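>>> Please work out how this folds:
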Amino acid sequence: MLDDFAMRAALAGLGVALAAAPLGCFVVWRRMAYFGDATSHAALLGVALALATDLPVVGGVLLVALMMALIISTLTERNVSTDALLGVLAHSALALGLVAVSLIPGQRVDLSAYLFGDILAVRQVDLAIIWIGAALVGGLMVWRWQALLTATLNPDLAVASGGHPKREQLVLTLALAVTVAVAIKVVGALLIAAMLVIPAAAARPFARTPEVMAICAVLIGGFSALGGLAGSFAFDTPTGPSIVTVAAAVFALSAAISPLLRRR
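Numbers count the residues shown, from 1 in each chain. Presented below is the predicted three-dimensional model:
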């Protein structure tokens, strides 16, 4: 079964949806969309690091994404304007990554595969890495769910009950770095943030509890991955952007029917 590249692509898309959707709920609740964008843009620096040092691409991306997330978390605690900081770091990381890749001697790199993903080229080893990463992120979300939720909705209550909001922020940072590392092969550095935010935002009108919203986000992310893959085959379009397009269409439908759901 895994010898069929279409099956591998479908499983890879589902793995990314499983990792990104629950994490995306916290990104939406905490209004961290630009935070995810900056971390994902740093993935290109990780690609350059991996190519220059013969590291696995996932290892280089994970290292740089984690460093970027920690830098952002540290600087936002020093009274630096968050919007300006994220804007500077997001675009600077992307530009530095592109420049660094172009300066690596003896390497001919298909940047479009890293920018927009190349899900159809997923190998069995890539599939294993994606699902291991998805399992790690999913397990981390389940393990820390209540603590993360309390720290997100009411940090003061979290402190009063013995929690540590900064520690939960670090957990989210780690999960975000892992998700970026495993998703770059599927949707690319420019579209990872979209797969974090759009399924979660589309799920919000259908959910009355945080847990239901996370489950709906996983279902929407999985549908977007399979629908985008099918649309790519049918219309000969780029697969990564096709996946995000399907997710955006689901969000548009969700936004259109949300007034009806609120009336009920």
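
>>> Please enumerate the helices of the stretch 151-264 of the chain.
155-160, 165-187, 192-203, 210-235, 239-263 (DSSP state H, counting those that start in this stretch).

>>> what residue ranges in the stretch 151-264 of the chain score low on pLDDT?
Applying pLDDT under 70 to the stretch 151-264 of the chain picks out residues 261, 263-264.

>>> right, so of the helices of the stretch 151-264 of the chain, which gets closest to residue 140?
helix 165-187 (5.4 Å; Cβ to Cβ). The way it works is simple: take the backbone N, C-alpha and C, and place the C-beta from them, glycine included.

>>> Could I have the CA atoms of the closest one written out in PDB?
In PDB, the C-alpha atoms belonging to helix 165-187 read as follows (Å, rounded to 0.1, in the frame of the first residue of the first chain):
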ATOM      1  CA  PRO A 165       1.600  29.900  32.200                       C
ATOM      2  CA  LYS A 166       5.200  30.500  31.000                       C
ATOM      3  CA  ARG A 167       5.900  26.700  31.100                       C
ATOM      4  CA  GLU A 168       2.700  26.100  29.000                       C
ATOM      5  CA  GLN A 169       3.900  28.800  26.600                       C
ATOM      6  CA  LEU A 170       7.100  26.800  26.300                       C
ATOM      7  CA  VAL A 171       5.100  23.600  25.600                       C
ATOM      8  CA  LEU A 172       3.200  25.400  22.800                       C
ATOM      9  CA  THR A 173       6.500  26.700  21.400                       C
ATOM     10  CA  LEU A 174       8.000  23.200  21.300                       C
ATOM     11  CA  ALA A 175       4.800  21.700  19.700                       C
ATOM     12  CA  LEU A 176       4.800  24.500  17.100                       C
ATOM     13  CA  ALA A 177       8.500  23.800  16.200                       C
ATOM     14  CA  VAL A 178       7.800  20.100  15.700                       C
ATOM     15  CA  THR A 179       4.700  20.800  13.600                       C
ATOM     16  CA  VAL A 180       6.600  23.200  11.400                       C
ATOM     17  CA  ALA A 181       9.400  20.600  10.900                       C
ATOM     18  CA  VAL A 182       7.000  17.800   9.900                       C
ATOM     19  CA  ALA A 183       4.700  19.900   7.800                       C
ATOM     20  CA  ILE A 184       7.300  21.600   5.500                       C
ATOM     21  CA  LYS A 185       7.400  18.600   3.200                       C
ATOM     22  CA  VAL A 186       3.600  18.700   2.700                       C
ATOM     23  CA  VAL A 187       2.600  22.300   2.500                       C
END
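
>>> Only the buried residues of it, if you could.
Using 16 or more other Cβ atoms under 10 Å as the test for burial, helix 165-187 gives 165, 168-169, 171-187.

>>> And stretch 116-126, by the same measure?
For stretch 116-126, by 16+ other Cβ under 10 Å, it's 116-120, 122, 126.

>>> taking these one by one, which sit in helices?
Among those, the members falling in helices (DSSP state H) are 116, 126.

>>> mind putting the buried residues of stretch 116-126 in TSV, distance to residue 65 included?
Formatted as TSV, the buried residues of stretch 116-126 follow (distance: Cβ to Cβ, whole Å):
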residue	distance to residue 65
116	18
117	16
118	19
119	19
120	24
122	19
126	17
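
>>> possible to save the buried residues of stretch 116-126 as a markdown table with pLDDT and distance to residue 218?
Output for these, formatted as a markdown table (pLDDT from 0 to 100; distance: Cβ to Cβ, whole Å):
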| residue | pLDDT | distance to residue 218 |
| --- | --- | --- |
| 116 | 85 | 23 |
| 117 | 84 | 19 |
| 118 | 84 | 23 |
| 119 | 85 | 18 |
| 120 | 82 | 23 |
| 122 | 87 | 20 |
| 126 | 88 | 21 |
